[in-house]
Structures are given as structure tokens and as C-alpha cells.
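sequence and predicted structure are below.
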Amino acid sequence: MSHPSNPFLNLNYEPAIESLADYHDVVTAAEFPMHKLRWRNDDILPVLGLNPSQVSDDDFIEAFGHFQAVHPFLALRYHGYQFGEYNPQLGDGRGFIYGQVRGIDGELYDFGTKGSGRTPYSRSADGRLTLKGGVREIIASEALHRMGVKTSRCLSLVETGEDLWRGDEPSPTRSSVMVRFSRSHIRFGNFERLRWIRRADLTRQLLDHVLQIYYPQFWGKENQDGIFYLELVQRVATLCAQWMAAGFCHAVLNTDNMSITGESFDYGPFAFIPNYDPRFTAAYFDHAGRYSYANQPAACYWNLEKLQDPLSMVMDKDDMQASLLKFKDFYRVAYCEMMLKRLGFATLSEPETEDLIGATLELLSGVQAIGYNQFFVKLRQSFQTNWREDASNIFAKHDWEITDEQLPLLEKWRVVYHQLLIRQPIAELENIAQQLQQSNPTIIFLRPKIEEIWERITVDDDWQPLYDAIAKLKE
Ligand code: AMP
Ligand code: MG
């Protein structure tokens with residue numbers, strides 16, 4: 001069965017991680033009883049130099065359902081700290097690198113599978129992905145991408161016709177296989193494994209690989225390792241700030257879910273927070289709230305600190321610790337930038353920034369009836385040039401249930417926002433309206449919304465609500 005005309009089989013693949021021994025096992029893909037293409041991400045195709053109209057659904061199914069390919073499949077070897085406990089028995093248990101490909105932007109990307117069958121790391125599990133899990137990962141990554149978060153995307157989702165049994169879904173439940181498009185699948189945990197097996201030589205080699213491919217600007221520079229770690233601290237702090245501003249709770253910030261490129265990926269029991277509640281926890285099994293919404297910066301910091309253990313086999317630990325101390329500042333800068341944008345501003349002075357974000361969080365934590373993301377949607381939809389004329393025009397019509405005691409919080413917000421507007425030239429108001437539109441998609445994927453989309457799929461096999469919801473992100 002050779003299909004030389006399939007554009008996915010003729011891409012510019014580069015056997016990057018494949019060219020190194022010791023970091024992977026060659027595996028095979030499962031054979032599935034059914035192949036129905038449920039999602040194709042045409043937005044990604046141009047990055048691969050492909051025109052969506054020239055890529056058929058069958059091309060997707062051949063490559064990412066039947067797994068025809070031009071390179072061996074590689075299950076990566078990794079360990080990780082899961083909820084603070086070291087686990088040396090991880091690794092790609094239900095996925096592999098299908099191939100690595102050079103995009104037209106010059107960057108190297110991974111096609112990584114999820115749900116493609118058992119591997120030496122599956123332990124007692126089935127190597128499969130539930131269809132609902134696939135749908136949820138599409139939603140998380142598309143929504144985050146739209147909100148300016150650096151994230152992996154789903155290239156394809158194929159339904160595969162098996163019955164799966166899961167404790168967290170009514171079972172039997174439907175099966176699927178996903179192909180994820182990301183910068184890298186090298187995790188902090190890939191380095192942690194190398195410390196466990198005491199291999200400084202392999203650590204050096206993997207670090208060189210990461211530098212050459214993902215941090216080429218530092219490769220060969222004096223103190224390349226130190227600047228790499230500092231850059232990683234900044235990237236992870238920035239990513240975390242992006243989640244926080246988006247109101248996103250990842251739920252499983254284990255070190256095996258942290259990418260060495262500082263990109264967000266691997267979406268399991270994630271949730272968007274319904275309202276501003278720092279203690280919100282997304283995973284039902286996270287009893288201690290280790291990965292609650294507000295603990296995410298601390299969890300990312302902890303993960304970066306743990307990464308120093310393997311890296312210190314080849315680089316200076318004190319230097320890394322000094323870089324890590326900058327996490328807080330990097331985080332703050334990125335968080336303010338994201339929040340200002342969501343509030344309509346490209347930049348403001350430091351005191352203005354403090355005032356505006358402070359008043360916003362006070363309002364959103366004090367009035368739980370105003371949903372977190374709903375607030376930003378309402379801001380986008382209500383903003384008018386007459387807000388600059390009088391503070392009372394601001395949110396003049398709203399349907400929030402606000403008690404008399406809570407009213408001062410809204411009043412304060414109005415005053416702060418109004419003061420900022422009158423300091424802007426009138427011509428700037430158009431830019432604010434545009435910024436609000438750019439940073440605040442009108443569709444919010446709270447859990448009931450996702451369940452509603454899933455319900456249509458399970459009850460009537462109706463996929464249109466999913467496609468419509470994703471399309472709405474473009475507005
Ligand atoms: P996750 O919670 O998805 O980040 O996965 C944690 C670990 O469990 C990784 O090693 C996964 O490969 C593995 N894993 C999760 N689900 C399955 C499954 N259904 N079959 C095999 N391995 C799995
Ligand atoms: Mg994972």
C-alpha cells in the first residue's frame with residue numbers, strides 16, 4: 001500500500017531525535033477497526049507548505065489513522081515527578097513521534113500521536129485515547145491558541161471504533177487517535193530519566209540537541225547552557241502567566257507534562273475557571289489542590305527547580321538557581337502584558353497597570369456572579385466611545401447580579417477605567433476596541449459548554465456544534 005501522492009508522506013521530514021540513540025524505542029501503531037476523520041486542522045497546513053484544498057480527508061486517514069509513514073515511530077523515554085512523587089515508570093505509553101518536519105518558517109515541528117496503541121511504557125493500560133479526551137484536547141489547544149497562549153495544536157483526530165473503559169467517563173466510551181503538532185515532545189522528564197540512570201554523557205548530548213534545534217541563537221555562545229536555562233525560566237514564566245490571564249487551569253503540571261521549549265501541551269482534566277477563585281482545582285483527583293489555579297506559578301517554579309538536578313550533571317547549579325530567582329519578575333511582566341491586552345491596552349504606566357489589574361481582580365473575586373472570562377467578553381461587547389465621556393456610561397447596562405455591598409467594587413472599576421480612558425486621545429479608542437476584540441474571543445469553553453458539545457456527539461453523532469464553536473473562536 002504505497003501512496004506516493006499523499007502530501008503528508010512527502011513532507012520535509014528530518015530524523016532529529018531519531019538520529020540519537022538512547023532516548024526512544026521504536027514502536028508500531030495499533031490497527032483499528034474503523035477510521036473516521038473527525039477533525040482536520042487546516043490552519044496548520046500552510047505552515048507545512050500545504051494548501052488545504054490539495055489535502056484530502058483520505059490523506060489524513062492514511063497517514064494519521066492507518067499510520068502509513070516514512071520514518072519509524074519513536075516512543076520517547078522519560079520519567080517525571082507526578083504530584084510531587086518521582087515516577088521512573090513513565091514514557092510514551094500511548095503515543096509516539098510520527099515524524100519531525102521542517103515548517104516553512106524554518107522551525108522543526110513534531111507530529112506526536114496520542115492513543116496510537118501500546119508501547120513498552122503502557123504498563124497495564126490500553127494505549128488508547130477516548131474520543132472525548134480527543135475532543136477536549138482540540139478545544140483546549142484551539143481556545144488557548146486563540147487567546148495568545150503558546151500551545152501545541154491538534155492536527156487531526158480520527159475516531160477508531162473501539163470500546164474503551166474509563167473510570168472518569170461513562171463506559172464503554174468511544175475511541176480515537178490524535179496527531180498533535182508541537183515544537184517538541186522533549187519534556188523535563190526526559191532529562192530526569194538521565195539523572196536516574198546516572199548518564200551525564202547522555203544529558204550533555206540531549207542538551208546539545210535541544211540547544212541546536214530549539215535554542216539555536218545560543219548554540220556555541222559562551223555560557224550557552226546558562227543562557228538556555230535563563231531563557232527557559234522566562235518562557236515557562238511567560239507561559240504560566242498566559243494561562244493565568246486566560247483563566248486556564250492545566251490540572252496536571254507534572255514534570256513529564258512540561259516541554260523543554262516552554263510550550264503548553266498535553267491536555268487532560270483541564271478547565272477554564274468559571275469565576276475568579278484562586279483555589280479552583282480542575283482534576284478531581286487533585287485532593288490537596290496542588291495544581292489549583294493560583295498554585296500554577298508555584299508549580300512551574302518547582303518544576304524548573306527540579307530540572308536543575310539532572311542539568312547540574314553538566315552545568316552549574318548556582319548559576320541556574322540565580323536564573324530561577326528571576327521567575328517572579330518574568331511572570332509579573334508577562335502577566336501584566338496579557339491582562340492589559342485583555343483590558344484593551346497595549347501599554348500603560350506601572351501605577352496605571354497596578355491600579356487597573358488590581359481593580360479588575362478585586363471586582364472579579366468580590367463578585368463571583370461575574371464570570372471570569374464572561375467579564376472580558378462583556379467588556380469587548382459593551383465598550384463604546386461614550387465610556388470616555390462619563391464613568392456612568394461604563395457597563396451602564398449589565399445583567400450581573402450584584403448586591404448593594406458589592407456595588408462599590410464595580411463603581412471603583414468604572415472610575416479607574418474612566419480615568420484611563422480620559423488620558424487617551426479620542427483616536428486611541430478605536431485601538432482599544434480592536435485590542436478587546438483580539439484578546440477576548442466571545443466563546444468560552446466552560447465545562448458545561450464542553451459537555452453540551454460532547455452530548456451532541458454522543459447522542460446524535462452531531463459534530464456541527466464542535467465545528468461551529470471552534471469557528472466562533474475566529475470572531
Ligand atoms: P498523562 O496523564 O496523559 O500525562 O500520562 C501519564 C503517563 O501515563 C504517560 O506515561 C502516559 O503515556 C501514560 N498513559 C496515560 N494514559 C494511558 C493509556 N490509556 N495507555 C497507556 N499509557 C497511558
Ligand atoms: Mg502527559
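Structure's in. What do you need? From a predicted model like this one, the values you see are computed outputs, not experimental measurements. Numbers count the residues shown, from 1 in each chain. Ligands and ions are numbered 1, 2, ... in the order given.

for the rest of this, base every contact and every neighbour count on C-alpha atoms.
Noted.

domain assignment for this structure?
17-185, 189-335, 343-439 (automatic domain parsing).

can you list those domains in JSON lines and add mean pLDDT, distance to ligand 1 and mean neighbour count?
Formatted as JSON lines, those follow (pLDDT from 0 to 100; distance: least, Cα to the nearest ligand atom, whole Å; neighbours: other Cα atoms under 10 Å):
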{"stretch": "domain 17-185", "mean pLDDT": "97", "distance to ligand 1": "3", "mean neighbour count": "19"}
{"stretch": "domain 189-335", "mean pLDDT": "98", "distance to ligand 1": "6", "mean neighbour count": "19"}
{"stretch": "domain 343-439", "mean pLDDT": "97", "distance to ligand 1": "26", "mean neighbour count": "17"}
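
quick one: closest of these to W463.
domain 17-185 (7.9 Å; Cα to Cα).

quick one, helices of the stretch 101-250 of the chain?
131-146, 188-196, 200-214, 224-246 (DSSP state H, counting those that start in this stretch).

so who does the nearest residue to R235 once chain neighbours are set aside touch?
Once flanking residues are discounted, R235 sits nearest to G262: 5.2 Å by Cα to Cα, 6 or more residues apart in numbering. G262 is in contact with 232, 235-236, 239, counting by Cα atoms under 8 Å, 6 or more residues apart in numbering.

name the element G262 belongs to?
Following DSSP states H and E, one finds G262 outside all helices and strands.

just to revisit the earlier point, got the domains of the chain as a markdown table, with distance to S5 columns?
Below are the domains of the chain laid out as a markdown table (distance: least, Cα to Cα, whole Å):
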| stretch | distance to S5 |
| --- | --- |
| domain 17-185 | 9 |
| domain 189-335 | 29 |
| domain 343-439 | 39 |
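
I figured A251 hits P269, correct?
Yes - counting by Cα atoms under 8 Å, A251 touches P269, with 6.0 Å between them.

how much space separates R388 from Q437?
Shown here: R388 relative to Q437, a distance of 18 Å by Cα to Cα, to the nearest Å.

distance check, N440 against ligand 1.
Separation of N440 from ligand 1 (Cα to the nearest ligand atom, to the nearest Å): 29 Å.

what is the neighbour count of that residue?
Residues near N440, counting by other Cα atoms under 10 Å, number 28.

that one contacts R342, doesn't it?
Yes - if you go by Cα under 8 Å, N440 and R342 touch, sitting 6.3 Å apart.

which residues are in contact with both of those two?
F376.

tell me where the protein has strands.
Applying DSSP state E to the chain gives strands spanning 24-27, 36-40, 73-76, 80-82, 85-87, 97-102, 108-114, 129-130, 153-164, 173-182, 248-249, 271-272.

and the first one, which strands flank it?
Counting by DSSP bridges, the strands paired with strand 24-27 are strand 73-76 (antiparallel).

what's in contact with the partner strand?
Residues outside strand 73-76 that contact it (Cα under 8 Å, 6+ apart) are 18, 23-29, 91-93, 95-99, 119, 190.

if we go to 6 Å?
Contacts with strand 73-76, where a contact means Cα atoms under 6 Å, 6 or more residues apart in numbering, come from 23-27, 91-92, 96-98.
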